[in-house]
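Visitor: here are the coordinates; sequence isn't available:
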């Protein structure tokens with residue numbers, strides 16, 4: 001297994017990020033970036049969920 005293929009398996013896909021951004025916007029009344037940042041502050045965030053939320057934050061900050 002190459003490092004690139006391993007890294008792809010660790011990172012959330014673009015589709016997962018888009019879907020989570022949509023869900024964040026719904027849960028946080030149209031403020032997905034703020035919602036992701038708030039959820040990252042929570043103590044019950046699993047490592048996989050935190051990685052997905054960080055990917056959402058990166059994507060939303062690019063816009």
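Guide: Thanks, I have the structure now. Keep in mind the model is a prediction, meaning the values are calculated, not measured.
Visitor: quickly note the distance from residue 16 to residue 29.
Guide: Note on residue 16: its distance to residue 29, by CB to CB, to the nearest Å, is 22 Å. Every C-beta, even on glycine, is put in place using the N, C-alpha and C of the backbone.
Visitor: okay, those two: which has more neighbours?
Guide: Between residue 16 and residue 29, counted using other CB atoms under 10 Å, the more crowded position is residue 16 (13 against 9).
Visitor: so where does the closest residue to the more buried one other than its chain neighbours fall, helix or strand?
Guide: Spatially, and ignoring its direct neighbours in sequence, residue 16 is nearest to residue 52 (6.5 Å; CB to CB, 6 or more residues apart in numbering). Per DSSP states H and E: residue 52 is located in helix 47-62.
Visitor: tell me the mean pLDDT over that helix?
Guide: Taken as a whole, helix 47-62 has a mean pLDDT of 96.
Visitor: who are the packing partners of that helix?
Guide: If you count contacts as 3 or more CB pairs under 8 Å, 6 or more residues apart in numbering; DSSP states H and E, helix 47-62 packs onto helix 14-27, helix 32-41.
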